[in-house]
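Provided below are the primary sequence and the corresponding predicted coordinates.
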Protein chains: 2
Amino acid sequence: VRIIVIGTGIVGGSFIKLLSLRTADLIRDFGIRPRLVAVADEYGAAINSQGLDQERLLATIKKKGSVCHDPKFGNPGLTGVEVIRENDAEVVVEATPTNVVNGEPGMSHIRTALTERKNVITSNKGPLALALPALLELAQYNGVHLRFSGTVGGGTPILDFAKRSLLGDQIISVQGILNGTTNYILTQMTDEGLPFDVALKEAQKAGFAEANPSMDIDGYDTAAKIVIIANWILKKRVTLKNVELRGIRNITLKEVKDAASKGKRLKLIASAEGGIQVAPKAIPIDHPLCVSGVLNAVTFTSKYAGEETIVGRGAGGMETASALLRDLLEIKNQLARINI
Amino acid sequence: VRIIVIGTGIVGGSFIKLLSLRTADLIRDFGIRPRLVAVADEYGAAINSQGLDQERLLATIKKKGSVCHDPKFGNPGLTGVEVIRENDAEVVVEATPTNVVNGEPGMSHIRTALTERKNVITSNKGPLALALPALLELAQYNGVHLRFSGTVGGGTPILDFAKRSLLGDQIISVQGILNGTTNYILTQMTDEGLPFDVALKEAQKAGFAEANPSMDIDGYDTAAKIVIIANWILKKRVTLKNVELRGIRNITLKEVKDAASKGKRLKLIASAEGGIQVAPKAIPIDHPLCVSGVLNAVTFTSKYAGEETIVGRGAGGMETASALLRDLLEIKNQLARINI
């Protein structure tokens, strides 16, 4: 399988590393030999249709800051869109940072790849939150796959679980904690009695929150994820603008304590039932959704199998990379089936 | 698809009902038209190669205690083994009660069906706990499938989750609460301060425990399930005799309270890592495994995606029937793929 990787940050870098770690067992267990024909970042690209060496790519990124500085295969200044357009590959892995304002640069990468009839695997929530219904149509029109397991739950296979393990059942509603940073902050407020500002700073110090924490604490990250779930699992054609959204920025210690005094915990809960909502809610402490720290948890209510909850870490480079790899194996299975 | 159902208790009856409820959408969404060609219970069978009417079967069971009393299609005295041997069908659904001593009558039903090259779907843990490695070999030798999603977790797709959603990852260890009755008893002891005997009686009154509760409280049910998980997910060739087993019969209120005083809860935990164990353990209250009431929970530790937990009701007729149906759709998919 020829692969183009766009984005070499934590997720893209981990994906390249994971391919390198698992070369042997991917061939043995799945008959798949991934070949990285091009890797691009914001400064340029490295290109080799025979396949780039993963270790060398990782060393170049580490030492020189960009794959484009590879003396032999580097192409400084080349854009992701150009790389996608000008190189043959079955799969484009889009792993640039999430931007919920206009989805760029991921939006252009994904559109270009799908239009060029290349399958897309992405960990980028921005384009999906803004335009998932249109992107799925574009993929279908061009006869290729668009997969995004890593956008929700990191390595925890929340989307796959709902789509495949509940095959033959009917999922009626979904609710969950979809953002580890806000869960960490709320857990610190509850357990340590810290006010919001202090808990946020703790989270930043611990590396769980960005310098600009708005994506997390204002609920955009959570909203993007519930939009993806609503489209993929519940077949709702919705985007970010359909979400009724309230973050945790204004949560007081009193609200947290009031919940605790009733045997509950305040959590930032996303729900999709009739409408799509993101808002702080008090959850009974013995409900499976009531998980602590940076954990994510999602409860699916299905018609016949009842309520089922899946819990795991919602982030992490290697965890998310493992979701991208799962998508790759899945697409490879689909391609093999068509080729029979 | 022609189906033989053996066993018309809660699970078998619910499966017949579920087929009846879902006839329309199974055809529409999956192109599958299930035809019940024979249904057997301990008193005999009803047989019609053109397909038995599900409503009529359910009415006969309710009114006359056995399908064999159907005036037109009834065959009193016919055994399950005879029914499997003498009727053409693609799939046998084995839903007789679990027996962990010798696995009968399920063991004979499953062996006969596999030998006759019929695919088997079962909710019966007995034969699997005693002989899963051999039964999987028998299925493979005869070129048919043996599926058992409903044996672990009821409707909660624990086995499917591990097998499919974690595709491409490597599961290293498994631990979980696999029995709702013992979890209910331990929860009552913790929350209400009831001694074991009283909590057990409560569970029996609430319909969660059998008159003979040994299967649950001595840990055999849990042990059977971890054996199934170890074989199917971890590829260990083990049976019930490989399980180091301790139930909850001798748990004192003091042990429960000691755990609580340390921020933990006593749970009957099955684990498969090096060896296979079932024993009461104290679990931190904020660990995702620490679920209350009749809930089950399983944590999978995988090499790349980390720890993931799935939580749901572990029992229920309709829930387990939905797992049998999932297996049927899965087998139908496999058959379709071979026929291409």
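Structure's in. What do you need?

what does stretch A:242-258 rub up against?
By Cβ atoms under 8 Å, 6 or more residues apart in numbering or on different chains, the residues outside stretch A:242-258 that reach it are A:182, A:185-186, A:189-190, A:193-196, A:217-220, A:223, A:226-227, A:266, A:268, A:275-280, A:282. To be clear about C-beta, it is placed using only N, CA and C from the backbone, and glycine gets the same treatment.

mean confidence for that stretch?
Regarding stretch A:242-258, the rounded mean pLDDT is 96.

Go through the contacts of stretch A:242-258 and flag which are in helices.
Filtering the contacts of stretch A:242-258 for membership in helices, criterion DSSP state H, returns A:182, A:185-186, A:189-190, A:196, A:217, A:220, A:223, A:226-227.

Among the residues you listed, name the buried ones.
In those, burial by neighbour count holds for A:182, A:185-186, A:189-190, A:196, A:217, A:220, A:223, A:226-227, counting by 16 or more other Cβ atoms under 10 Å in any protein chain shown.

residues from the stretch 151-300 of chain A in reach of chain B?
A:154-157, A:160-161, A:164-169, A:286, A:288, A:291-293, A:295, A:297 (Cβ under 8 Å from any Cβ of the partner chain).

go with 7 Å
Among all residues of the stretch 151-300 of chain A, those adjacent to chain B (criterion: Cβ under 7 Å from any Cβ of the partner chain) are A:155-157, A:160-161, A:164-169, A:286, A:288, A:291-292, A:295.

May I ask which of those has the most neighbours?
Neighbour counts for these, by other Cβ atoms under 10 Å in any protein chain shown, peak at residue A:156, which reaches 34 neighbours.

for the stretch 1-150 of chain A, what are the low-confidence residue spans?
When the per-residue scores of the stretch 1-150 of chain A are filtered using pLDDT under 70, no range remains.

Residue numbers of it in contact with chain B?
Taking Cβ under 7 Å from any Cβ as the test, the list of the stretch 1-150 of chain A residues beside chain B reads residue A:18.

show me where the stretch 1-150 of chain A has strands.
A:2-6, A:35-41, A:44-47, A:74-76, A:91-94, A:119-122, A:146-147 (DSSP state E, counting those that start in this stretch).

Next, format the ones you listed as a markdown table and append distance to residue B:81 and mean neighbour count.
As requested, the strands of the stretch 1-150 of chain A are arranged in a markdown table below (distance: least, Cβ to Cβ, whole Å; neighbours: other Cβ atoms under 10 Å in any protein chain shown):
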| stretch | distance to residue B:81 | mean neighbour count |
| --- | --- | --- |
| strand A:2-6 | 53 | 26 |
| strand A:35-41 | 54 | 25 |
| strand A:44-47 | 65 | 26 |
| strand A:74-76 | 70 | 16 |
| strand A:91-94 | 51 | 28 |
| strand A:119-122 | 49 | 28 |
| strand A:146-147 | 46 | 24 |
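
Give me the subset of the residues of the stretch 151-300 of chain A next to chain B lying in strands.
If you go by DSSP state E, these have residue A:295 in strands.

Can you tell me which of the residues of the stretch 151-300 of chain A next to chain B lies closest to residue A:202?
Taking Cβ to Cβ as the measure, residue A:292 is the one of those closest to residue A:202, at 14.4 Å.

if we can go back for a sec, what's the most distant pair in the buried ones among the ones in helices among the contacts of stretch A:242-258?
Spatial extent of these (Cβ to Cβ) is set by the pair A:190 and A:227 at 27.8 Å.

separation between residue A:72 and residue A:57?
Taking Cβ to Cβ, to the nearest Å as the criterion, residue A:72 is separated from residue A:57 by 12 Å.

Of the two, give the one with the bigger neighbour count.
For residue A:72 against residue A:57, the residue with the higher neighbour count under other Cβ under 10 Å is residue A:57, and the figures read 23 against 8.

Could you find the closest non-adjacent residue to the closest residue to chain B within the stretch 51-200 of chain A?
Among the residues of the stretch 51-200 of chain A, residue A:155 lies closest to chain B, at 3.3 Å counting by Cβ to the nearest Cβ. Take residue A:155 and drop its neighbours on the chain: the residue closest to it by Cβ to Cβ, 6 or more residues apart in numbering or on different chains is residue A:319, 2.9 Å away.

number of nearby residues for residue A:239?
Neighbours of residue A:239 using other Cβ under 10 Å come to 19.

Could you do residue A:48 as well?
Neighbouring residues of residue A:48 were enumerated by other Cβ under 10 Å; the total is 16.

number of nearby residues for the closest residue to it other than its chain neighbours?
Computed as Cβ to Cβ, 6+ apart, the closest residue to residue A:48 that is not its neighbour in sequence is residue A:73, at 4.7 Å. Neighbours of residue A:73 under the rule other Cβ under 10 Å: 19.

Give me the pLDDT for the residue lying farthest from the centre of chain A.
For chain A, the C-alpha lying farthest from the average C-alpha position belongs to residue A:261; by Cα atoms, centre = their mean, that distance is 34.9 Å. Residue A:261 is assigned a predicted lDDT (pLDDT) of 95.

Keeping just the C-alphas, turn stretch A:132-142 into CSV.
Below are the C-alpha coordinates for stretch A:132-142, written out as CSV (Å, rounded to 0.1, in the frame of the first residue of the first chain):
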residue,chain,number,x,y,z
LEU,A,132,-18.6,15.8,7.3
PRO,A,133,-21.8,15.3,5.3
ALA,A,134,-20.3,16.9,2.2
LEU,A,135,-17.0,15.1,2.6
LEU,A,136,-18.7,11.7,3.0
GLU,A,137,-20.6,12.4,-0.2
LEU,A,138,-17.4,13.5,-2.0
ALA,A,139,-15.8,10.2,-1.0
GLN,A,140,-18.7,8.2,-2.1
TYR,A,141,-18.9,10.0,-5.4
ASN,A,142,-15.3,9.3,-6.1
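
Buried ones in that stretch, by neighbour count?
By neighbour count on 16+ other Cβ under 10 Å, the buried set for stretch A:132-142 is A:132, A:135-136, A:138-139, A:142.

Helices of the stretch 51-200 of chain A, start to end?
Counting by DSSP state H, counting those that start in this stretch, one finds helices in the stretch 51-200 of chain A at the ranges A:54-64, A:80-86, A:106-115, A:125-141, A:158-160, A:180-192, A:196-205.

so which of those helices is the most packed in?
Each of the helices of the stretch 51-200 of chain A was assessed for mean neighbour count using mean count of other Cβ atoms under 10 Å in any protein chain shown. The highest is helix A:158-160, with a mean of 26.

Off-centre distance for that helix?
11 Å (Cα atoms, centre = their mean, to the nearest Å).

And stretch A:8-24, by the same measure?
Going by Cα atoms, centre = their mean, where stretch A:8-24 is centred and where its chain is centred differ by 16 Å.

go on, stretch A:256-272?
Once both centres are worked out by Cα atoms, centre = their mean, stretch A:256-272 turns out to sit 25 Å from its chain's centre.

what comes up buried for it?
Using 16+ other Cβ under 10 Å as the burial criterion, the residues of stretch A:256-272 that qualify are A:256, A:259-260, A:264-272.

Nearest to chain B: which residue in the stretch 201-340 of chain A?
Shortest the stretch 201-340 of chain A-to-chain B distance, computed as Cβ to the nearest Cβ: residue-wise this is residue A:305, at 3.4 Å.
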